[in-house]
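>>> This is a predicted model, with the sequence first.
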Amino acid sequence: MTETSSLPFLSVGTAAEAPSQFAGRLRGLSDRAMAWLFIAPTILLLLAINVFPLLWTIELSFTNYRANRPNAPLRWVGFDNYASILSDSDVWYAMQATAHFVVWTITLQVLLGFGLALLINRRFRGHGFWTTVILLPMMLSPAVVGNFWTFLFQPQTGLFNTAIAFVTGSDPSSFQMIGDVGLAPWSIILVDTWMWTPYVMLICLAGLRSIPDDIYEAAEIDRASAWRRFWSITLPMVLPFLMLAVLFRGIENFKMFDMVNLLTSGGPGSTTEVASITLKREAFEKWRTGYSSAFAIILFVTVFGLANIYVKALNKVKQR
Amino acid sequence: MSVDAQSQSVLAPGPWSKRFAAAVVILYAGLAVLPLLWIFLTGFKTPPDSIAYPPKFVFEPSLEGYVNLFTTRSRQSDDYLAGLPPPTNWVDRLVRSRNMVIAGPSKFGQRFVNSVIIGFGSTALAVVLGTLAAYGFSRFRVPLADDLLFFILSTRMMPPIAVAIPIYLMYRSLGLTDSHLGMILLYTAVNVSLAVWLLKGFIDEIPREYEEAAMIDGYTRFQAFWRVVLPQAATGIAATAIFCLIFAWNEYAFAVLLTSGEAQTTPPFIPFIIGEGGQDWPAVAAGTTLFLVPIVVFTVLLRRHLLRGITFGAVRK
């Protein structure tokens, strides 16, 4: 509790003001009681809907419970679920598919988003309008939009296939974005990139606008080349913003379910079966509740651990 | 002033550099918006036109998609159709021309209403709770404030399916499965983290001297909150509300796992708009269009606060 009470590592830009203990104790309740009065409802709701279920999941993960057979005898299995998950080749496959998805979507979104932000920052006439147009996909429901992309990806009649065929001169029915084992992982990457490039772009744009003009003026006096200015001023100044965007996208895409479930539902075979899809199969199709609870805990610990490591790195970059 | 002229060349890009930037950005925007345009257009095609090869860019607009979206129809024999009284309106005429009769309304309307009820209900709750908590965190010295705020945020790191497993069991024993109340509580819990983080940022920006002055004038703490802070935070509260509403409106994972009929929202329903022989694409497109239009409107309204909303208030302009 030193400088700010909003989490220091996440705030980029104007830092929040520190809460001072000012004249809150004018009458009646003490400050502390007042504070709890304001905060308690939220904490109670989160305890009921987040913490209690989480604890329950931990408990279930040590049992053989099956939600479709609530009356079957419950047996404690210790760490058996965890052990079988870590030795399950399907699970490792799902983790690989997830990693492939996360790494490629983030790479493409960072390159495209940063590039677009640099261009928009040149403030050509009408850039505000076009920025809003570009932002649209990320606000829409990934499920509803993912469902519609199956239509765009239809061989022969789909708009996407027609467009690619038109550009490359091939036959629109010569490839299947969703049905082909090699292309399906790229179809989910493509749709995710279409949806979320604007997200990275918007955050980069804020980073670019936070750079004071006089730094560039000084560089100009030093006759720094455009290339040099980019590497020594623009990139380092935007980096904290970019890393924040990567953090949020990374967490979101690690959890990815809705768009993939409707676009490929993990297929063909299990080529696009990202972790959440496997989890859904185990929990709500095979009804292995105990097993899937253990998997859920492993996923949560993974996201949480990776995010924490990443935030430490982000802090280092910001302190430079 | 040669330095000024030079620095101008860095800070203000030249006309060609601007033209190049504009061309690339507009090209990207055009490509990005094309799928959305296609959804909109497909909604006004007939089913055969929607799956024509090659795809039809020019076609005779039809409202069949929208009619199919809101009705269920049954195919009838020519004899049966000939024996019916003549169609009374354009909807009947359209359906008869496909050798069908309207059997009744579809479930789309009800699902849409569910989306509205659950969306607005959870938004209202999340914003009320979030405003209170944000004010608490902003103005009082809360023990372990950083940890509590981080805990509130970390509830968002769980994959939704992982959360859905115990919620499913909990709701089953409480009788909340497939109920509006259950979905409202769940979405509130997810949205309250966003609401607290965003609103804390907005409230931090309101000078505390305003309340101090009000309290010296004899307001109680709560009166000061109600009459001084809330009006000042109105814009922030509105922006936060829209973000919560968009989340609840778009949410799919919980909806598909925890609802099946009574309280099902629109996203899990749209993929199951089936015609004869697979998805009825014009009807799907019509439903998708109606579902997306409010969000497009909100996005345009939110332009200025978008950045805060998508980063939990971490980046402010």
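Noted; the coordinates are in hand. Residues are numbered from 1 along each chain as shown, chains lettered A, B, ... in the order given.

>>> Show me the strands in the stretch 1-150 of chain B, by range?
B:71-75, B:100-105 (DSSP state E, counting those that start in this stretch).

>>> So which residue is dead centre in chain A?
Closest residue to the average C-alpha location of chain A: residue A:252 at 2.1 Å, with CA atoms, centre = their mean.

>>> OK, contacts around it?
Contacts of residue A:252 were listed using CB atoms under 8 Å, 6 or more residues apart in numbering or on different chains, and they are residue A:196. Where C-beta positions appear, they are placed from N, C-alpha and C, glycine not excepted.

>>> how close does it get to residue B:125?
24 Å (CB to CB, to the nearest Å).

>>> Ok, residue A:176 next?
45 Å.

>>> Name the secondary structure element that contains residue B:299.
Assigning secondary structure by DSSP states H and E places residue B:299 in helix B:281-302.

>>> where exactly do the helices run in the stretch 201-317 of chain B?
Counting by DSSP state H, counting those that start in this stretch, the segments of the stretch 201-317 of chain B that form helices are B:209-216, B:221-224, B:230-232, B:234-250, B:253-258, B:266-269, B:281-302, B:306-310.

>>> So for residue A:31, which of those helices sits nearest?
The closest of the helices of the stretch 201-317 of chain B to residue A:31 is helix B:221-224. By CB to CB, the value is 9.1 Å.

>>> ok so, going back, please identify the buried residues of the helix or strand harbouring the residue nearest to the centre of chain A?
Here residue A:252 sits within helix A:235-254, counting by DSSP H and E. Using 16 or more other CB atoms under 10 Å in any protein chain shown as the test for burial, helix A:235-254 gives A:238, A:240-254.

>>> Run a quick neighbour tally on whichever residue of the stretch 151-300 of chain A sits closest to chain B.
For the stretch 151-300 of chain A and chain B, the shortest gap (CB to the nearest CB) falls at residue A:296, measuring 3.4 Å. Residues within reach of residue A:296, counting by other CB atoms under 10 Å in any protein chain shown, total 28.

>>> That one reaches residue A:57, doesn't it?
Yes. At 5.7 Å, residue A:296 counts as touching residue A:57 under the criterion of CB atoms under 8 Å.

>>> Mutual contacts of these two, please.
Residues within reach of residue A:296 and of residue A:57 at once, by CB under 8 Å, 6+ apart, are B:162, B:165.

>>> For residue B:55, grab phi and psi.
phi -50, psi 140 (degrees, to the nearest 10).

>>> and it, how many residues sit next to it?
Neighbours of residue B:55 using other CB under 10 Å come to 23.

>>> same question, residue A:214
Neighbours around residue A:214, by other CB under 10 Å: 10.

>>> how far does the host helix or strand of it sit from the chain's center?
Per DSSP H and E: residue A:214 is located in helix A:213-221. Averaging C-alpha positions (CA atoms, centre = their mean, to the nearest Å) puts helix A:213-221 36 Å from its chain's average.

>>> Then stretch B:16-36?
For stretch B:16-36, the distance to the chain centre is 26 Å (CA atoms, centre = their mean).

>>> quick one: buried residues of stretch B:75-94?
In stretch B:75-94, counting by 16+ other CB under 10 Å, buried: B:87, B:91, B:92, B:94.

>>> what's the answer for stretch A:287-300, then?
For stretch A:287-300, the buried set under the neighbour-count rule, 16+ other CB under 10 Å, comprises A:288-300.

>>> ok, for the residue of the stretch 151-300 of chain A closest to chain B, nearest residue in space, not its chain neighbours?
residue B:162 (3.4 Å; CB to CB, 6 or more residues apart in numbering or on different chains).

>>> can you give me the mean pLDDT across the helix or strand encompassing that neighbour?
Using DSSP H and E, residue B:162 falls within helix B:160-174. Averaged over helix B:160-174, pLDDT sits at 91.

>>> so what's the closest residue to residue A:228 other than its chain neighbours up against?
With CB to CB, 6+ apart as the criterion, residue A:228 has its nearest non-adjacent residue at 7.6 Å, and that residue is residue A:219. Residue A:219 makes contacts with A:228, A:229, A:232, A:233, B:10, as judged by CB under 8 Å, 6+ apart.

>>> give me every residue that touches residue 288.
Since you didn't name a chain, this refers to chain A. A:66, A:282.

>>> Oops, wrong one, chain B.
A:144, A:145, A:147, A:148, B:39, B:43, B:270.

>>> name the element the third one belongs to?
Here residue A:147 is covered by helix A:142-152, with elements defined by DSSP H and E.

>>> re earlier: pLDDT wise, what is the residue of the stretch 151-300 of chain A closest to chain B at?
Value for residue A:296, per-residue pLDDT: 93.

>>> Return the distance of it relative to residue B:157.
Residue A:296 is 12 Å from residue B:157, by CB to CB.

>>> for chain B, what are the low-confidence residue spans?
Residue ranges of chain B with pLDDT under 70: B:1-11, B:317.

>>> max-length helix in it?
As assigned by DSSP state H, the longest helix anywhere in chain B is helix B:108-139.

>>> buried stuff in that helix?
Those would be B:108, B:111-112, B:114-116, B:118-123, B:125-139, for helix B:108-139 by 16+ other CB under 10 Å.

>>> How about stretch B:224-244?
Of the residues in stretch B:224-244, B:224-225, B:228-229, B:232-233, B:236-237, B:239-244 count as buried by neighbour count, 16+ other CB under 10 Å.

>>> Mind pulling the model confidence for residue A:7?
Reading off the model, residue A:7 has pLDDT 46.

>>> roughly how far out does stretch A:204-214 sit from the chain middle?
In terms of CA atoms, centre = their mean, the centre of stretch A:204-214 is set 24 Å apart from its chain centre.

>>> What residues of that stretch count as buried?
Here stretch A:204-214 shows A:204, A:205, A:206, A:207, A:208, A:210 as buried, counting by 16+ other CB under 10 Å.
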